[in-house]
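[1] any chance you can model this:
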Amino acid sequence: MSDKNRRGQLGYATGWVGPTMSENRSPSAALLRRFSTNLKRLRSSRSYTQHQLAARCGFKPGYVGDLEREVVNLTLATLEVLAIGLDCSEQDFFVPLRGPQNPRDSNE
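    Numbers count the residues shown, from 1 in each chain. The predicted model follows:
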C-alpha cells in the first residue's frame, strides 16, 4: 500500500501532508516559552526552589531548571507529575503570557 493510500485510510485530509511519526519534532519556541514561564511562575508562587520541586516530583535536582531554561522537552507523564507536585492543573502551564515574552527580560 502506498503512503498516500495509508494516510487516506487513517483519515488524514487529502491535500495536506503533515509530519510523519518518524520525523524528529520539537515544540515551537513560543510554546516552550509559555510552558517554562508558567512553570517558574507556579513554582515561585508556592515558594519552592527548583531543587525542592524536583524532590517533590522525584526528578533529578537539575531537571526543573532545565525545563525552565527551555533546554529539555517534557512528556505528558512529566507534565502530570509537575501538576501534582504544584497542586495545579495541567492547563495552568499553558495560560497565555502577559508582559515580557522572555522571562529573562523581567525583573523577577
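[2] from memory Pro27 sits against Asn73, does it?
    Yes: the criterion here is Cβ atoms under 8 Å, and Pro27 meets it with Asn73 at 6.6 Å. From N, CA and C alone the C-beta is placed, and that goes for glycine too.
[3] what number of residues lie near Asn73?
    13 (other Cβ atoms under 10 Å).
[4] now Leu97
    15.
[5] kindly report the same for Lys40.
    Using other Cβ under 10 Å, Lys40 has 19 neighbouring residues.
[6] shaky segments in this structure?
    Per-residue confidence for the chain (pLDDT under 70) gives these ranges: 1-24, 100-108.
[7] need the longest helix for it.
    Taking DSSP state H as the criterion, the chain has its longest helix at helix 29-45.
[8] buried sites along it?
    32-43 (16 or more other Cβ atoms under 10 Å).
[9] just give me the closest of the residues you listed to Gln50.
    Gln50 has its nearest neighbour among these in Arg43, at 7.1 Å by Cβ to Cβ.
[10] the residue lying closest to that closest one once chain neighbours are set aside: neighbour count?
    Excluding the flanking residues, the one nearest Arg43 by Cβ to Cβ, 6 or more residues apart in numbering is Leu53, at 5.2 Å. For Leu53, the neighbour count with other Cβ under 10 Å is 22.
[11] following the longest helix of the chain, which helix or strand shows up next?
    Per DSSP states H and E, the first helix or strand lying C-terminal to helix 29-45 is helix 50-57.
[12] now do that following helix against helix 29-45: the angle between them, please.
    With axes from the mean of the first three to the mean of the last three Cα atoms, to 10 degrees as the basis, helix 50-57 and helix 29-45 are set at 90 degrees to each other.
[13] can you list the residues that contact the helix or strand just after helix 50-57?
    Per DSSP H and E, the first helix or strand lying C-terminal to helix 50-57 is helix 63-68. Helix 63-68 has contacts (Cβ atoms under 8 Å, 6 or more residues apart in numbering) with 35-36, 39-40, 43, 50-51, 53-54, 57, 72, 74, 103.
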